[in-house]
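Novice: What follows is a predicted structure for the sequence shown.
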Amino acid sequence: MRNVYLDHTATTPLDPRVYEAMKPYFLNKFGNASSIHRFGREARVALDESREKIAKLLGARAGEVIFVGGGTEADNFALKGVAREMKRSGKDHIITSKVEHHAVLESCEFLEETGFRVTYVDVDGSGMVDPQSVEAAITPGTGLISIMHANNEVGTINPIGGLASLAKERNIGFHSDAVQSFGKLSLDVEALGADLLSLSAHKIYGPKGIGALYIRNGTKIERFMHGGGQERGRRAGTENVPLAVGFAKAAELMERDRTSESRRLGELKQSFRTMLAERFPFVLFNGHRTESLPHILNISFDSEKLEVDGEALLFNLDLAGIAVTSGSACTSGSMKPSHVLLAMGRDRQTAQATVRFSFGKATTEEDLVYTAEKLEEIIKRIRRPPARS
C-alpha cells in the first residue's frame with residue numbers, strides 16, 4: 001500500500017537540515033541565553049542570529065521579531081496584548097472575519113467576555129474578506145483589525161495590503177495571521193503594511209513548539225507572558241534556543257526555494273483539480289480559483305447530488321494510506337462542519353462531506369494519481385442518493 005501524506009497545512013515533517021542545525025544547541029551549546037558567562041553568550045549569539053535571519057526575510061528590524069511558543073500564542077499575544085492597550089486609550093472595538101483560525105476567534109470571544117465589542121465580518125463565496133465590509137464595520141471605538149493573510153482551510157488569499165492601508169488611514173492597529181502563508185508567499189512587512197504578523201515554524205518544515213510575532217516599532221501592546229525580561233521584556237521565559245535556530249533555518253530554506261516550489265505545487269494542484277473534475281462532476285471546489293495558496297485544494301461533495309459520510313470518507317482514505325483532513329473540528333467524537341465553509345455559504349451536509357488536500361515538498365504526480373483513483377473507489381462504495389425532502 002502506498003503512503004501519501006497530504007495534510008501539510010496541519011504540520012510538515014522536520015527537514016533533516018533543520019534537525020542538524022538544532023542538534024548542537026540540544027547537546028553541547030546548551031547555555032541559557034540570559035546568562036552572562038561563556039555558555040550563555042554562545043546561546044545568545046545563536047538566538048540573536050536566528051532573530052535577525054527571520055527579520056531579514058520579513059524586511060523587518062530584528063527587534064520587531066518576538067519568539068513565542070507557536071502560531072496560537074502569537075495570535076493570542078497580538079489580540080489580547082493590543083486590547084489591553086486599547087482599553088487605556090478608551091477604545092473597545094475589534095474587527096475580524098468569520099473564517100479566522102480558532103486562535104483568533106476564541107481570543108475575540110474571550111475579549112468579548114471582558115467587555116470588548118467584536119464585529120465578525122462576512123466573506124464571499126470564495127472565503128475572501130471584502131475591504132468594504134471591514135470599512136463599514138469601523139466605529140470611533142475601533143482599535144484593532146485582525147484578518148488572516150491566507151485561509152488555512154480553503155487557501156484563499158486576502159487583500160491584506162489594502163486592508164492594512166484602510167486601518168492605517170484611520171489610526172487603527174492591523175494584525176494578520178500569516179501562519180499558512182509564511183514561506184509560500186512574499187511577506188515583506190513594508191509592502192503588506194501590517195502592524196503585527198503571526199508566524200509558525202512547523203508549517204515550513206521546522207520544529208513544533210515555536211513561532212514568532214512581528215510587532216512593528218511603535219505598536220502599543222501589553223506583554224503577554226510575565227516573569228522575566230526575556231524577548232525585550234515582551235515574553236517572559238527562558239528562550240528556546242534550539243527551536244529558534246531550527247525556525248530560522250527552516251525559514252531560510254523555504255525562502256530560497258519559494259518561487260520554484262510554489263510553481264511546482266501550483267502545477268500539481270491544477271493537475272489534481274483536473275483529475276477530480278473529470279471523475280466527479282458533482283464535486284465542489286472551495287476557495288478562490290486564482291487568489292489562493294498553491295498547496296491547498298479543498299473539495300466538497302454536493303449534498304444535492306449525493307450523500308457522502310465525511311467521517312467514513314476520511315476513515316477509508318486513511319485505510320488506503322492517504323492522510324488528509326476535512327477542515328472540520330472533531331469534538332466529542334462527532335464531526336462538526338467547518339465554520340469556514342458555513343461562512344462561505346455551503347450547507348451543513350455539504351460542508352461535512354469535505355476533504356482538504358494540502359501538498360508539500362515530497363508530493364508527486366504519482367501520489368495524486370493514486371489518491372484520485374482511491375477516492376473514486378471509495379466514493380462509489382460509500383455514496384448514497386440524496387435524501388428526499
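Specialist: Okay, I see it.
Novice: which residues are in contact with the helix or strand harbouring residue 314?
Specialist: In the assignment (DSSP states H and E), residue 314 maps to helix 310-319. The set of residues external to helix 310-319 that reach it, using CB atoms under 8 Å, 6 or more residues apart in numbering, is 323-326, 328, 335, 352-355, 371, 374-375, 378-379, 381-382. Where C-beta positions appear, they are placed from N, C-alpha and C, glycine not excepted.
Novice: Who are the packing partners of the next helix or strand after it?
Specialist: Sequence-wise, the next helix or strand downstream of helix 310-319 (DSSP H and E) is strand 322-323. Here strand 322-323 touches strand 4-5, helix 365-382, going by 3 or more CB pairs under 8 Å, 6 or more residues apart in numbering; DSSP states H and E.
Novice: for the record, mean pLDDT for the first one?
Specialist: When the per-residue pLDDT values of strand 4-5 are averaged, the result is 98.
Novice: Can you mark which positions in the helix or strand just after it are buried?
Specialist: The C-terminal neighbour of strand 4-5 among helices and strands, as given by DSSP H and E, is helix 16-27. For helix 16-27, a neighbour-count test (16 or more other CB atoms under 10 Å) marks 18, 21, 22, 25 as buried.
Novice: Please apply the same query to stretch 161-172.
Specialist: For stretch 161-172, by 16+ other CB under 10 Å, it's 163, 164, 166, 167, 172.
Novice: Which helix or strand lies directly C-terminal to the strand or helix carrying the third one?
Specialist: The one in question is residue 166. Assessed by DSSP H and E, residue 166 sits inside helix 160-169. Sequence-wise, the next helix or strand downstream of helix 160-169 (DSSP H and E) is strand 173-177.
Novice: could you give the angle of the longest helix seen in the chain to helix 365-382?
Specialist: Longest helix of the chain, by residue count under DSSP state H: helix 241-279. Counting by axes from the mean of the first three to the mean of the last three CA atoms, to 10 degrees, helix 241-279 lies at 60 degrees to helix 365-382.
Novice: Residues contacting stretch 287-295, please?
Specialist: Contacts for stretch 287-295 (CB under 8 Å, 6+ apart): 8-9, 126-128, 150-151, 154-157, 180-181, 184-185, 262-263, 265-266, 269, 296, 298, 358-360.
Novice: can you rerun that using 7 Å?
Specialist: 8, 126-128, 150, 154-157, 180-181, 184, 262, 265-266, 269, 298, 358-360 (CB atoms under 7 Å, 6 or more residues apart in numbering).
Novice: Looking at those, which are in helices?
Specialist: Short answer: the contacts of stretch 287-295 in helices (DSSP H) are 262, 265, 266, 269.
Novice: Now do the contacts for residue 326.
Specialist: 310, 314, 335, 354, 355, 356.
Novice: Rebuild those residues as JSON lines, extending it with pLDDT and neighbour count.
Specialist: Putting the contacts of residue 326 into JSON lines (pLDDT from 0 to 100; neighbours: other CB atoms under 10 Å) gives the following:
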{"residue": "310", "pLDDT": "90", "neighbour count": "22"}
{"residue": "314", "pLDDT": "95", "neighbour count": "21"}
{"residue": "335", "pLDDT": "70", "neighbour count": "19"}
{"residue": "354", "pLDDT": "96", "neighbour count": "29"}
{"residue": "355", "pLDDT": "97", "neighbour count": "25"}
{"residue": "356", "pLDDT": "97", "neighbour count": "26"}
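Novice: want to throw the residues you listed into JSON lines with distance to residue 91?
Specialist: Formatted as JSON lines, the contacts of residue 326 follow (distance: CB to CB, whole Å):
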{"residue": "310", "distance to residue 91": "42"}
{"residue": "314", "distance to residue 91": "43"}
{"residue": "335", "distance to residue 91": "39"}
{"residue": "354", "distance to residue 91": "38"}
{"residue": "355", "distance to residue 91": "42"}
{"residue": "356", "distance to residue 91": "36"}
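Novice: of all these, which comes closest to residue 110?
Specialist: residue 335 (25.4 Å; CB to CB).
Novice: Surely the closest one touches residue 352?
Specialist: Yes. Using CB atoms under 7 Å, residue 335 is in contact with residue 352, at 5.8 Å.
Novice: so which of the buried residues of stretch 161-172 would you say is closest to residue 138?
Specialist: Set against residue 138, the nearest of these by CB to CB is residue 172 (7.1 Å).
Novice: hmm, who's touching the helix or strand residue 47 falls within?
Specialist: If you go by DSSP H and E, residue 47 is part of helix 38-58. Contact with helix 38-58 is made by 25, 29, 31-34, 61-62, 64-65, 187-189, 212, 214, 239, 241, 244-245, 247-248, 251-252, 255, as judged by CB under 7 Å, 6+ apart.
Novice: what about residue 252, how many residues close to it?
Specialist: Using other CB atoms under 10 Å, residue 252 is surrounded by 18 other residues.
Novice: Distance check, it against residue 27.
Specialist: Distance of residue 252 to residue 27, computed by CB to CB, to the nearest Å: 22 Å.
Novice: Ranking helices and strands of this structure by mean pLDDT, which lands last?
Specialist: strand 330-331 (a mean of 38; mean pLDDT, DSSP states H and E).
Novice: Poorly predicted segments of the stretch 51-200 of the chain, please.
Specialist: Scanning the stretch 51-200 of the chain for pLDDT under 70 picks out nothing.
Novice: end-to-end on stretch 299-306?
Specialist: Its start and end residues considered, stretch 299-306 measures 14 Å (CA to CA, to the nearest Å).
Novice: er, stretch 290-298 actually
Specialist: End-to-end distance of stretch 290-298: 14 Å, with CA to CA as the criterion.
Novice: Could you do stretch 201-219 as well?
Specialist: Using CA to CA, the end-to-end distance of stretch 201-219 comes out at 24 Å.
Novice: Could you pull out the buried residues of it?
Specialist: Quick answer for stretch 201-219 (16+ other CB under 10 Å): 201-216, 219.
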